[in-house]
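Novice: Here is my input; please provide its structure:
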Amino acid sequence: MSSGCLALILHAHLPFVRHPEHEHFLEEDWFFEAITESYIPLLRTMQRLVNDPDLSGFKLTMSFTPTLCAMLEDQLLRERYVRHLDALIDLAAREKSRNRKHPRLRELANFYFELFSENRSFFVDEWKCDLLSVFRQLRETGSLDIIASAATHGVLPILQHQAPQAVRAQVLIGRDVYVDLFGAEPSGFWLPECAYARGLEAVFHEANIRWFVLDAHGLLFGKPQPRRSIYAPCYTPAGPAAFARDPDASRQVWSADEGYPGDPVYREFYRDIGFDLSKEHLGPIGRGSRKFSGVKYHRITGGGDEKQLYDRVAAENAAAKHASHFLEQRGQQVREISELGFNPIVVAPFDAELFGHWWFEGPRFLEEFIRQAADQPDLCLSTPSEYLKAQPTQQIVEPAASTWGENGHLAVWLDSTNGWIYPHLHAAAQRMIEAAKHASALVGQPLRLPSARQAGEAPALQFSDRVLKQLARELLLAQSSDWAFLMKTGTALEYATKRVIDHLARFNRLYDQFVTNDIDDEFLRDCEWRDNLFPNVNWRYYI
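Specialist: Model (predicted):
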């Protein structure tokens with residue numbers, strides 16, 4: 001009997017970035033980098049663990065946001081990703097030639113050539129460009145518990161303050177996407193940005209969600225105070241259970257300053273040949289601009305600009321040692337807590353993209369930790385779903401408002417840099433609610449095309465839910481937390497601002513056409529072509 005449990009949760013999310021109107025689009029690289037550096041390495045790690053006859057299995061929880069799933073399923077993005085891989089392979093091949101007289105650089109160039117080639121084989125040949133099918137297969141083994149999230153990662157407390165129906169739509173559409181993809185209802189739900197406010201649990205109850213994750217202070221400041229601190233879930237008054245993030249376990253893994261990823265032996269993220277070599281040499285991967293290529297030859301080394309060459313063997317050895325240390329720390333932690341007379345669970349959630357993309361050795365660390373944990377008598381790997389099944393009796397607590405953002409509140413997504421978006425989002429949400437209510441009484445009635453566009457075309461369109469679906473898509477996309485975050489950090493300010501403005505402009509134009517019963521079908525088809533996610537989106541959730 002173990003002293004306690006550890007639940008590792010990986011939150012896989014990217015905003016919906018798809019631009020068919022351009023042959024190449026820089027921000028689509030976010031998706032391509034995440035596949036190459038995080039999703040495929042994590043998949044291959046989990047496959048090795050599942051297929052190891054000497055390992056009794058492992059337990060891991062992952063959330064997949066509907067926007068990420070939509071991109072993983074999109075044929076255009078799949079084709080573009082294959083071209084991206086081909087460009088990486090071409091660059092690595094030229095790097096092998098360029099570094100042929102430098103043994104250490106040649107070895108690293110060979111490594112990248114093999115890595116990119118193996119990724120292409122895995123993605124194209126083995127899995128026919130369908131990574132979600134690999135995750136489904138892992139879910140069916142029982143080792144991977146996949147949970148749902150909000151439709152477009154909107155910050156639910158802010159949306160709730162503006163219009164409760166907007167939160168309901170984010171949650172229920174997210175639930176529906178999960179059911180469509182995985183053929184079952186989700187037991188858990190990832191709160192975008194771990195952002196919670198009183199009343200959200202009622203929407204989770206409606207969606208048949210059994211549990212969600214808060215930041216530590218969300219539970220610690222709950223009423224009444226939790227008797228078992230953050231080391232056991234608490235049921236909310238509406239039913240769903242709240243698990244709390246453990247700050248100590250989380251800090252050791254994600255913090256570049258205090259945690260493992262900052263070790264000098266690990267690969268340096270920011271030193272990339274995309275900024276070291278000529279634009280001409282970068283070829284199709286750069287397309288004439290400075291950008292991250294994914295080929296990095298240096299290790300963190302220290303805080304200065306001078307970086308030493310990366311040593312893969314030393315880095316992998318460090319990952320194994322850090323895995324041992326993390327296991328030792330968590331084992332000691334649960335032993336001490338269990339002395340209080342209960343079986344604790346330590347919940348450690350992370351962005352999935354930390355493993356591989358930001359911390360190149362992260363998948364290696366994760367695999368080493370899981371393998372070593374299999375022989376640890378005092379600590380078992382579990383999931384929140386399994387913990388609730390084994391220990392269904394828990395205290396009832398009303399959690400406090402909280403996020404996992406800086407200082408634990410909403411300032412990251414609501415300040416002077418991004419606060420201007422919310423009056424516009426609020427107005428659009430109110431319009432969406434009005435349109436949904438009005439449309440529910442009009443289904444089956446005809447819509448009129450302007451006479452100028454009617455000439456020579458088919459008879460007037462019959463009313464359908466196409467307009468309402470597209471209105472919902474544009475509003476949902478405008479509500480993504482990513483745009484406010486990027487405005488706050490300034491890392492992609494212009495792009496994030498344009499995304500909000502463009503989605504709201506398309507929403508308002510469609511809405512105006514809807515209320516005047518004068519739909520421009522060409523414009524509607526263009527919107528559906530651009531923002532083509534959620535084919536079964538249910539606009540009635542706004543009623």
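
Novice: ok but residue 337 is inside a helix, no?
Specialist: Yes. Assigned with DSSP: H, G, I helix; E, B strand; the rest coil, residue 337 falls within a helix.

Novice: ok, for it, nearest residue in space, not its chain neighbours?
Specialist: Among residues not flanking residue 337 along the chain, residue 344 sits closest, at 4.3 Å (C-beta to C-beta, 6 or more residues apart in numbering). For the C-beta atoms, the positions are set from N, CA and C on the backbone; glycine is no exception.

Novice: wait, the one you found sits on residue 335?
Specialist: No. Counting by C-beta atoms under 8 Å, residue 344 stays clear of residue 335, with 9.7 Å between them.

Novice: Overlap of the contact sets of the two?
Specialist: Shared contacts of residue 344 and residue 335 (C-beta atoms under 8 Å, 6 or more residues apart in numbering): 3, 4.

Novice: quick one on the thing from earlier: and the residue nearest to residue 337, what does it touch?
Specialist: 3, 4, 5, 228, 231, 232, 334, 337, 338.

Novice: residues in contact with the fourth one?
Specialist: For residue 228, the contact set (C-beta under 8 Å, 6+ apart) comprises 340, 342, 344, 395.

Novice: Now residue 6: phi and psi?
Specialist: phi -120, psi 130 (degrees, to the nearest 10).

Novice: where does the residue lying closest to it once chain neighbours are set aside land in three-state SS?
Specialist: Spatial nearest neighbour of residue 6, excluding adjacent residues (C-beta to C-beta, 6+ apart): residue 346 at 4.9 Å. Recorded secondary structure, residue 346: strand (three-state DSSP).

Novice: coming back round to it: please check the contacts of residue 228 and keep the buried ones.
Specialist: Neighbour-count burial (16 or more other C-beta atoms under 10 Å) is assigned, among the contacts of residue 228, to residue 344.

Novice: Mind putting the contacts of residue 228 into a markdown table with distance to residue 123 and secondary structure?
Specialist: A markdown table is the format used below for the contacts of residue 228 (distance: C-beta to C-beta, whole Å; DSSP: H, G, I helix; E, B strand; the rest coil):
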| residue | distance to residue 123 | secondary structure |
| --- | --- | --- |
| 340 | 48 | coil |
| 342 | 45 | coil |
| 344 | 40 | coil |
| 395 | 46 | coil |
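
Novice: With distance to residue 192 and pLDDT added, can I get the contacts of residue 228 in CSV?
Specialist: Below are the contacts of residue 228 laid out as CSV (distance: C-beta to C-beta, whole Å; pLDDT from 0 to 100):
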residue, distance to residue 192, pLDDT
340, 33, 93
342, 31, 93
344, 27, 96
395, 26, 97
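
Novice: re earlier: what about the contacts of residue 344, which are in strands?
Specialist: Among these, DSSP state E puts 4, 5 in strands.

Novice: Lowest-confidence entry in the contacts of residue 344?
Specialist: When the contacts of residue 344 are compared on pLDDT, residue 3 comes out lowest, with 85.

Novice: Now the phi/psi pair for that residue, please.
Specialist: Backbone torsions of residue 3, given as degrees, to the nearest 10, read phi -70, psi -30.

Novice: what number of residues lie near the residue nearest to residue 6?
Specialist: 24 (other C-beta atoms under 10 Å).

Novice: just checking, it touches residue 3?
Specialist: No. When contacts are counted by C-beta under 8 Å, residue 346 is not listed as touching residue 3 (10.8 Å).

Novice: now residue 302, what's its secondary structure?
Specialist: Quick answer, by three-state DSSP: residue 302 is coil.

Novice: just to revisit the earlier point, next one: the residue nearest to residue 337 from residue 177, what distance?
Specialist: With the distance defined as C-beta to C-beta, to the nearest Å, residue 344 ends up 33 Å from residue 177.

Novice: Now do the contacts for the residue nearest to residue 6.
Specialist: Residue 346 neighbours (C-beta under 8 Å, 6+ apart): 4, 5, 6, 7, 231, 246, 249, 330, 333, 334.

Novice: how many neighbours does the second one have?
Specialist: Other residues within reach of residue 5 by the criterion other C-beta under 10 Å amount to 24.

Novice: ok, it to residue 194 distance?
Specialist: 20 Å.

Novice: do the fifth one as well
Specialist: Using C-beta to C-beta, one gets 17 Å for the distance from residue 231 to residue 194.

Novice: With the last one instead?
Specialist: Remark: distance between residue 334 and residue 194 (C-beta to C-beta) = 22 Å.

Novice: quick one: the strands in the chain?
Specialist: Using DSSP E, strands in the chain cover 4-12, 60-64, 144-149, 188-190, 211-214, 234-235, 241-244, 345-351, 379-381.

Novice: Ok, which of these comes nearest residue 279?
Specialist: strand 345-351 (31.0 Å; C-beta to C-beta).

Novice: Going by neighbour count, which residues in that closest one are buried?
Specialist: 345, 346, 347, 348, 349, 350.

Novice: Turn these into CSV, including pLDDT.
Specialist: CSV is the format used below for the buried residues of strand 345-351 (pLDDT from 0 to 100):
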residue, pLDDT
345, 97
346, 97
347, 98
348, 97
349, 97
350, 97
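
Novice: Save these as CSV, and put in distance to residue 391 too.
Specialist: Below are the buried residues of strand 345-351 laid out as CSV (distance: C-beta to C-beta, whole Å):
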residue, distance to residue 391
345, 9
346, 14
347, 14
348, 19
349, 20
350, 24
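
Novice: Need the max-distance pair from those.
Specialist: It's 345 and 350 that sit farthest apart of those, by C-beta to C-beta, at 16.2 Å.

Novice: For stretch 99-107, report the contacting residues that lie outside it.
Specialist: By C-beta under 8 Å, 6+ apart, the list of residues contacting stretch 99-107 reads 95, 96, 108, 109, 297, 309.

Novice: can you give me how far it is from the chain middle?
Specialist: 37 Å (C-alpha atoms, centre = their mean, to the nearest Å).

Novice: Give the rounded mean pLDDT of it.
Specialist: 97.

Novice: now swap in stretch 162-170 and tell me
Specialist: Per-residue scores along stretch 162-170 average to 95.

Novice: Likewise for stretch 484-498?
Specialist: 97.

Novice: now the end-to-end length of that stretch.
Specialist: 12 Å (C-alpha to C-alpha, to the nearest Å).

Novice: before we move on, what about stretch 273-283?
Specialist: Per C-alpha to C-alpha, stretch 273-283 runs 12 Å from first to last residue.

Novice: got it, and stretch 18-37?
Specialist: Per C-alpha to C-alpha, stretch 18-37 runs 19 Å from first to last residue.

Novice: list the buried ones in that stretch?
Specialist: Across stretch 18-37, burial judged by 16+ other C-beta under 10 Å covers 18, 28, 29, 30, 31, 32, 33, 34, 35, 36, 37.

Novice: can you pull the contacts of the second one?
Specialist: Listed by C-beta under 8 Å, 6+ apart, the contact partners of residue 28 are 17, 18, 19, 77, 80.

Novice: State the pLDDT value of the closest residue to the third one other than its chain neighbours.
Specialist: Pointing back at residue 19 there. Spatial nearest neighbour of residue 19, chain neighbours left out: residue 25 (4.0 Å); criterion: C-beta to C-beta, 6+ apart. Residue 25 carries a pLDDT value of 94.

Novice: distance of residue 25 from residue 282?
Specialist: On the measure of C-beta to C-beta, residue 25 and residue 282 end up 17 Å apart.

Novice: Residue 37 too?
Specialist: Distance of residue 37 to residue 282, computed by C-beta to C-beta: 18 Å.

Novice: again with residue 265
Specialist: Distance from residue 265 to residue 282, by C-beta to C-beta: 27 Å.
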